[in-house]
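Q: What follows is a predicted structure for the sequence shown.
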Amino acid sequence: MTRHVKLDAVTQQKFCAMVSVGCSARRAAKLCGVGESAIREREKNDPDFREQYLSAKQIREITPLRQIKEAGVKSWRAAAWTLERLDPEEYGADRKRGDYPDQMADMLERYAESLMPKAFEENATTNGQEST
């Protein structure tokens, strides 16, 4: 059985520092030697810790976003990746494209209809007939 360390101020700072650089709460708690339940309890009952923990989670999220944004200056793929993640309905690869097959069929039908008179004209000219 693992003996858990007391969740004192120093351990709280270590925990939040680990979260801020990308550790999950579970992993950071384990590395600090505290139980996840102790973290949840402290977050619930200690407004100062809750604020510190929230700040650490925000830093964990903002840091890679900043890096992606900086990469987006040089690489359109990084910018596209960001858009896909921020608004998957609008920019995601799996987004719905409406009635695309129906729209395509309508477009092809109109295109074929527009070619018909020209095709008859060319056919009549090729066969030595004049078009009317």
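A: Cool, got the structure.

Q: Now do the same for the residue nearest to Tyr91 when sequence neighbours are not counted: helix, strand or coil?
A: Closest residue to Tyr91 apart from its sequence neighbours, by Cβ to Cβ, 6 or more residues apart in numbering: Leu83 at 4.0 Å. Every C-beta, even on glycine, is put in place using the N, C-alpha and C of the backbone. Recorded secondary structure, Leu83: helix (DSSP: H, G, I helix; E, B strand; the rest coil).

Q: Just to confirm, what's the three-state secondary structure of Leu7?
A: Of the three states, Leu7 takes coil according to three-state DSSP.

Q: thinking it is in contact with Ala38, fair?
A: Yes. Shown here, Leu7 and Ala38 form a contact pair, counting by Cβ atoms under 8 Å, at 4.9 Å.

Q: These two: which has the busier surroundings?
A: Neighbours of Leu7 and Ala38, each counted by other Cβ atoms under 10 Å, are more numerous for Leu7; the result is 20 against 17.

Q: Check which helices and strands the helix or strand Ala79 falls within is in contact with.
A: Using DSSP states H and E, Ala79 falls within helix 76-86. On a contact count with 3 or more Cβ pairs under 8 Å, 6 or more residues apart in numbering; DSSP states H and E, helix 76-86 meets helix 47-74, helix 88-91.

Q: buried stuff in the longest one?
A: Residues 49, 52-53, 56, 60, 72 are the ones in helix 47-74 that count as buried (16 or more other Cβ atoms under 10 Å).

Q: can I see the domain layout of this protein?
A: 9-91, 99-127 (automatic domain parsing).

Q: Give me the mean pLDDT for the shortest one.
A: Averaging the model's pLDDT scores along domain 99-127 yields 68.

Q: again with stretch 72-82
A: Mean pLDDT, computed over stretch 72-82, is 83.

Q: Pull up the per-residue confidence for the spatially most central residue of the chain.
A: Nearest to the geometric centre of the chain sits Arg85, at 1.4 Å (Cα atoms, centre = their mean). As predicted, Arg85 sits at a pLDDT of 81.

Q: Next: Pro88.
A: 82.

Q: Next: Glu61.
A: Model confidence at Glu61, given as pLDDT, is 87.
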